[in-house]
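Student: Return atomic coordinates for the entry below.
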Amino acid sequence: MSEPRNPEGTGHTRPDEELLWELEGERAVGGISGKAVAGLAVLWSLFQLWYTSPLPFIAAPAIPVLNDTDARSIHLAFGLLLAFLCFPALKKRGTDIPLFDWVLAGLGAFAAAYLFIFRDGLALRPGLPSDLDLAVSGLGIVLLLEAARRALGPPIVIVALLFLAYIFFGNYAPDIIAWKGASFSRAMSHLWLGTEGVFGVAIGVSTGVIFLFVLFGALLETGGAGDYFIRLAFSLVGHMRGGPAKAAVLASGMTGLVSGSSIANTVTTGTFTIPLMRKVGFSKEQAGAVEVASSVNGQIMPPVMGAAAFLMVEYVGISYVDVITHAFLPAVISYIALVYIVHLEAVKADMPLLERPDPLPALPMRLVRGGLVLAGMMIFLGLAYFFVELMQALGGGAFWLLMGALLALYMGAVYAAARDEERPGSSASMGAADEEALFLPRFSDTVRQGLHFLLPIAVLIWCLVVERLSPGLSAFWAVVGLMVILASQHVLISLFAGRGFRPADVKEGARTIWDGLEAGARNMIVIAVATAAAGIIVGAVSLTGVGLRLTELVEFLSGGNLVLMLVYVAVLSLVLGLGLPTTANYIVVSALLAGVVVELGAANGLVVPLIAVHLFVFYFGIMADVTPPVGLASFAAAAISGGDPIRTGITAFRYSLRTVILPFFFIFNTKLLLIGIDGPLDLALTALGATLGVLLFAAVSQGYFFARLKFWEGAVLLLVAFTLLRPAYWIDQVVPPFEQVPYEEAAVLIEEAPEEASIALVFEGETFEGDLVRRTIRLPLGAPGNAGERLSAAGMELRQEEGKTFVDLVRFASPAEKLGVGFDWQVLGAEVAQERIDPYWLYLPAFLLTLLVARGQFRRKRT
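Tutor: Purely as a prediction, here's the structure:
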């Protein structure tokens with residue numbers, strides 16, 4: 001991989017890993033201190049592997065099993081320890097760690113591990129902390145904020161301090177958000193000694209799930225998979241118009257499958273793609289912006305989706321498979337639209353094509369090849385389906401069949417890689433970016449050089465989707481499989497290539513695993529500190545009840561208008577994201593405003609699924625890595641391209657507009673999240689319409705379709721895009737989509753509904769503030785049974801009183817409670833769909849309008 005240029009233009013070069021550390025402010029340490037830090041990082045990774053694996057239960061009772069609080073305490077202890085050792089107090093990086101930082105690291109680790117070390121004593125005095133408890137808690141909060149300042153910058157510290165001030169001095173706040181304030185003892189018990197603040201859900205997800213996925217991505221990267229994905233993308237699309245930019249989009253999408261970090265994606269793939277984009281005609285800002293837009297989108301691409309996806313599982317209360325299922329279609333559409341934007345930029349500038357390594361065959365042969373590829377894919381899917389059915393039929397013997405199949409596939413993949421002279425991860429065949437002539441790698445040669453890297457990803461998806469294991473355990477088995485591959489790949493390639501057994505290959509494999517374990521822990525420092533610091537804010541929200549007051553404030557400012565309220569939430573997410581990393585931004589905004597969207601939607605008669613709200617917040621959180629003036633991914637790309645970071649960020653945000661509009665549409669059209677899809681035809685029409693709609697919007701944002709767009713043409717295409725993305729809107733203006741039926745009829749519908757169905761019930765009742773509200777809430781139904789049993793699965797018990805139906809009980813943390821159902825509310829009935837024209841018929845006039853614009857464009861282009 002080529003090295004990035006020095007942004008000052010001195011000609012000095014440095015490795016891409018060092019550039020990433022500098023952008024994050026990390027200290028470059030060598031000597032004994034460096035070895036100590038590396039050892040602590042590897043020890044952290046090994047601890048996380050132990051905790052997530054089945055081994056603690058096998059070793060019990062000889063080795064006690066850690067409970068969640070113990071594990072979170074040790075997790076944060078490692079995070080604070082390494083944060084003070086790896087991040088200096090000032091921006092200037094040193095080559096050694098001062099004694100003062102060692103002291104702070106030790107104190108921070110002790111304060112975090114206090115809950116584990118003294119767990120027995122703390123269990124005997126819940127809510128009655130001793131003086132030592134309070135002193136350690138206060139010290140822990142201060143050191144956590146300092147670690148956050150070093151690793152994340154001042155903004156998150158400022159936000160956390162504002163919420164801390166609100167906890168203690170809330171009585172001085174404006175009347176609309178004022179509260180009585182809390183004592184130091186109560187605040188520390190809530191924020192540090194309990195599980196509602198720092199050691200709450202966010203750090204729990206970081207401990208149990210996020211670390212293993214970050215480690216998985218780090219091991220793939222150190223093993224050469226990242227470079228393999230880049231070369232694979234270039235060999236696949238590099239010969240097209242604007243090929244390097246399209247390859248950057250594709251490569252970032254593939255690396256985003258496992259990394260989930262926009263800055264890491266930008267530096268890793270951008271080191272090679274940005275110089276190549278410059279070579280074919282993209283400006284410095286355009287090249288950096290393409291890389292930023294594609295890398296940021298890696299955070300919304302399943303199956304990893306960054307750290308926030310795992311938090312959604314806890315906050316929304318659905319499985320991880322459901323989260324990635326709902327996120328899949330918008331992510332794919334967004335990437336397709338970005339490829340189209342790149343194509344438009346290349347066409348506008350008439351950029352040259354790169355020379356293919358082999359001549360392009362004639363059209364008939366290309367059609368034959370395409371047919372063969374399609375047939376091969378269908379055969380592969382059929383075999384995969386047969387294999388899944390066979391595994392389920394075998395029961396206990398399926399494990400050994402799976403191991404045998406994986407071993408056979410691994411041996412075959414390594415044998416294919418050994419046929420090439422280059423090792424996996426080498427990029428020599430691509431040519432250096434600074435050379436005058438650029439040569440694309442041959443696809444057939446490139447694809448087999450790293451096929452074995454796909455096996456751990458397949459194991460991950462298999463465990464998640466087929467075996468339905470927890471995300472943490474699925475990641476553990478994927479990591480174990482990947483470590484086996486990294487340890488053996490060089491030895492096997494040498495044997496298959498006829499070079500015999502070489503001890504150096506064993507050392508290389510061991511070194512790769514060590515580097516991956518160290519890199520995974522280093523990458524987790526920022527996430528661990530971010531989730532812990534965000535826990536201060538979340539704890540303040542739960543302690544003070546400010547979330548309910550913010551609901552009233554946003555409702556007042558928006559006038560009850562749901563679209564305007566969504567704009568406020570989007571802007572707030574962007575503003576917070578200017579200083580907070582995506583994970584912390586998501587935690588804070590979802591804690592503050594996710595419930596606001598659900599409640600105001602219900603008050604307006606719109607059923608907004610909780611997952612749609614959380615994805616809405618998440619999408620705008622990741623835009624903060626793009627948006628000037630603090631977009632870190634834009635600064636990273638500009639450091640490589642030599643362009644202006646602000647202009648790079650502005651251009652990247654313009655490229656990202658197609659991602660910005662999607663959340664507004666899937667709030668109102670939940671079929672984009674694969675919610676409410678009725679069969680394959682409905683899915684196909686939804687996907688087709690949404691894809692074309694976003695492509696047309698992208699064309700308008702670029703001012704170019706087949707030629708330069710006139711104003712009226714852009715207006716027509718925007719109207720068509722809106723219709724394709726939300727076809728039911730126009731039908732809703734004529735015939736309402738739902739009609740309300742009384743609960744007696746609704747009870748029959750509930751009993752007849754299929755398994756895993758849901759129903760929209762209409763409630764009326766008083767809030768805690770005494771306000772009379774009327775809300776429509778869609779509740780999931782449990783297994784088949786009578787109405788009461790099925791609603792009980794959603795966490796709600798009903799009672800009959802004078803011919804009316806009331807909510808008698810709402811269980812804590814149940815779907816009903818999370819969706820805002822109140823105690824003693826009356827169930828007025830249910831909303832059922834009305835008979836009306838299929839909205840998909842509106843696709844026909846939309847397509848005709850598109851053809852009309854295209855006809856005029858073609859005519860003007862010819863002249």
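Student: okay, now the domains of this protein?
Tutor: Using automatic domain parsing, the domain parsing of the chain gives 16-202, 677-723+838-863, 738-833.
Student: among those, which is nearest residue 649?
Tutor: Closest approach to residue 649 among the domains of the chain (CB to CB): domain 16-202, 14.2 Å. In short, each C-beta sits where N, CA and C put it, glycine included.
Student: right, and the domains of the chain - which one's nearest residue 231?
Tutor: Closest of the domains of the chain to residue 231 is domain 16-202, at 15.5 Å (criterion: CB to CB).
Student: just how off-centre is that closest one within its chain?
Tutor: Its chain's C-alpha centre and that of domain 16-202 lie 23 Å apart, by CA atoms, centre = their mean, to the nearest Å.
Student: State whether residue 584 and residue 529 are indeed in contact, as I suppose.
Tutor: No - look at residue 584 against residue 529 with CB atoms under 8 Å: they stay out of range, at 9.1 Å.
Student: shared neighbours of these two, which are they?
Tutor: Residues touching both residue 584 and residue 529 (CB atoms under 8 Å, 6 or more residues apart in numbering): residue 152.
Student: Low-confidence ranges, the stretch 51-200 of the chain, go.
Tutor: 91-95 (pLDDT under 70).
Student: cool, and the stretch 751-863 of the chain?
Tutor: 769.
Student: could you pull out the helices for it?
Tutor: 787-792, 815-818, 843-862 (DSSP state H, counting those that start in this stretch).
Student: Against which helices or strands is the first one packed?
Tutor: Yep, that's helix 787-792 we're talking about. Secondary-structure packing of helix 787-792 (3 or more CB pairs under 8 Å, 6 or more residues apart in numbering; DSSP states H and E): helix 743-752, strand 796-801.
Student: what angle do the longest one and strand 796-801 make?
Tutor: What that stands for is helix 743-752. Between helix 743-752 and strand 796-801, the angle comes out at 140 degrees (axes from the mean of the first three to the mean of the last three CA atoms, to 10 degrees).
Student: List the contacts of helix 743-752.
Tutor: Helix 743-752 is contacted by residues 741, 759, 761, 781, 784-787, 790-791, 805, 827-830, 832 when judged by CB under 8 Å, 6+ apart.
Student: mind redoing it with 7 Å?
Tutor: Residues outside helix 743-752 that contact it (CB atoms under 7 Å, 6 or more residues apart in numbering) are 759, 761, 781, 786-787, 790-791, 805, 827, 829-830, 832.
Student: that older thread, make TSV out of the domains of the chain and add distance to residue 558 and mean neighbour count.
Tutor: Below are the domains of the chain laid out as TSV (distance: least, CB to CB, whole Å; neighbours: other CB atoms under 10 Å):
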stretch	distance to residue 558	mean neighbour count
domain 16-202	15	18
domain 677-723+838-863	21	17
domain 738-833	16	16
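Student: Just put those in JSON lines and tack on distance to residue 462.
Tutor: Below are those laid out as JSON lines (distance: least, CB to CB, whole Å):
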{"stretch": "domain 16-202", "distance to residue 462": "17"}
{"stretch": "domain 677-723+838-863", "distance to residue 462": "23"}
{"stretch": "domain 738-833", "distance to residue 462": "22"}
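Student: So which of the ones you listed is nearest residue 281?
Tutor: domain 677-723+838-863 (15.6 Å).
Student: now the end-to-end length of that closest one.
Tutor: Length of domain 677-723+838-863, first residue to last, CA to CA, to the nearest Å: 45 Å.
Student: burial measure for residue 626, as a count.
Tutor: 31 (other CB atoms under 10 Å).
Student: For it, give its distance to residue 656.
Tutor: Distance of residue 626 to residue 656, computed by CB to CB, to the nearest Å: 5 Å.
Student: average pLDDT for the helix or strand containing residue 570?
Tutor: Assessed by DSSP states H and E, residue 570 sits inside helix 562-577. Helix 562-577 shows a mean pLDDT of 78 in the predicted model.
Student: who's in contact with residue 406?
Tutor: residue 455.
Student: and if you look at the one 10 residues further on?
Tutor: Contacts of residue 416 were listed using CB under 7 Å, 6+ apart, and they are 448, 451.
Student: how many neighbours does the closest residue to residue 82 other than its chain neighbours have?
Tutor: Leaving aside its sequence neighbours, residue 82 sits nearest to residue 525 (CB to CB, 6 or more residues apart in numbering; 5.1 Å). For residue 525, the count of nearby residues is 26 (other CB under 10 Å).
Student: quick one, what contacts residue 525?
Tutor: 79, 82-83, 86, 151.
Student: Let me know the closest of those residues to residue 124.
Tutor: The closest of those, once distances to residue 124 are taken by CB to CB, is residue 79, at 27.7 Å.
Student: pretty sure that closest one contacts residue 530?
Tutor: No - applying CB atoms under 7 Å as the test, residue 79 and residue 530 come out as separate, 9.5 Å apart.
Student: tell me the average confidence for the longest helix along the chain?
Tutor: Counting residues, the longest helix found in the chain (DSSP state H) is helix 503-544. The pLDDT scores in helix 503-544 average 88.
Student: Compute the inter-axis angle for that helix and helix 562-577.
Tutor: Using the same axes, to 10 degrees, helix 503-544 lies at 120 degrees relative to helix 562-577.
Student: how much distance is there from helix 503-544 to the middle of the chain?
Tutor: How far helix 503-544 lies from its chain's middle: 16 Å, per CA atoms, centre = their mean.
Student: repeat for stretch 323-342
Tutor: Per CA atoms, centre = their mean, the centroid offset for stretch 323-342 relative to its chain is 13 Å.
Student: Just the buried residues of that stretch, please?
Tutor: Along stretch 323-342, these residues count as buried under the neighbour rule (16 or more other CB atoms under 10 Å): 323-342.
Student: Equivalent analysis for stretch 450-469, please.
Tutor: Neighbour counts using 16+ other CB under 10 Å place 450-453, 455-457, 459-465, 469 of stretch 450-469 among the buried residues.
Student: Convert that stretch to PDB, retaining C-alpha atoms only.
Tutor: Extracted in PDB, the C-alpha atoms of stretch 450-469 (Å, rounded to 0.1, in the frame of the first residue of the first chain):
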ATOM      1  CA  GLY A 450      -7.800 -13.900  -0.500                       C
ATOM      2  CA  LEU A 451     -10.900 -16.100  -0.800                       C
ATOM      3  CA  HIS A 452     -10.000 -17.500   2.600                       C
ATOM      4  CA  PHE A 453     -10.600 -14.100   4.200                       C
ATOM      5  CA  LEU A 454     -14.300 -14.500   3.300                       C
ATOM      6  CA  LEU A 455     -14.700 -17.600   5.500                       C
ATOM      7  CA  PRO A 456     -14.600 -15.900   8.900                       C
ATOM      8  CA  ILE A 457     -17.200 -13.400   7.600                       C
ATOM      9  CA  ALA A 458     -19.300 -16.400   6.400                       C
ATOM     10  CA  VAL A 459     -19.000 -17.900   9.900                       C
ATOM     11  CA  LEU A 460     -20.100 -14.700  11.500                       C
ATOM     12  CA  ILE A 461     -23.200 -14.400   9.300                       C
ATOM     13  CA  TRP A 462     -23.900 -18.200   9.700                       C
ATOM     14  CA  CYS A 463     -23.800 -17.900  13.500                       C
ATOM     15  CA  LEU A 464     -26.000 -14.800  13.500                       C
ATOM     16  CA  VAL A 465     -28.600 -15.700  10.900                       C
ATOM     17  CA  VAL A 466     -28.700 -19.600  10.900                       C
ATOM     18  CA  GLU A 467     -27.600 -20.600  14.400                       C
ATOM     19  CA  ARG A 468     -29.200 -17.500  15.900                       C
ATOM     20  CA  LEU A 469     -26.400 -17.100  18.400                       C
END
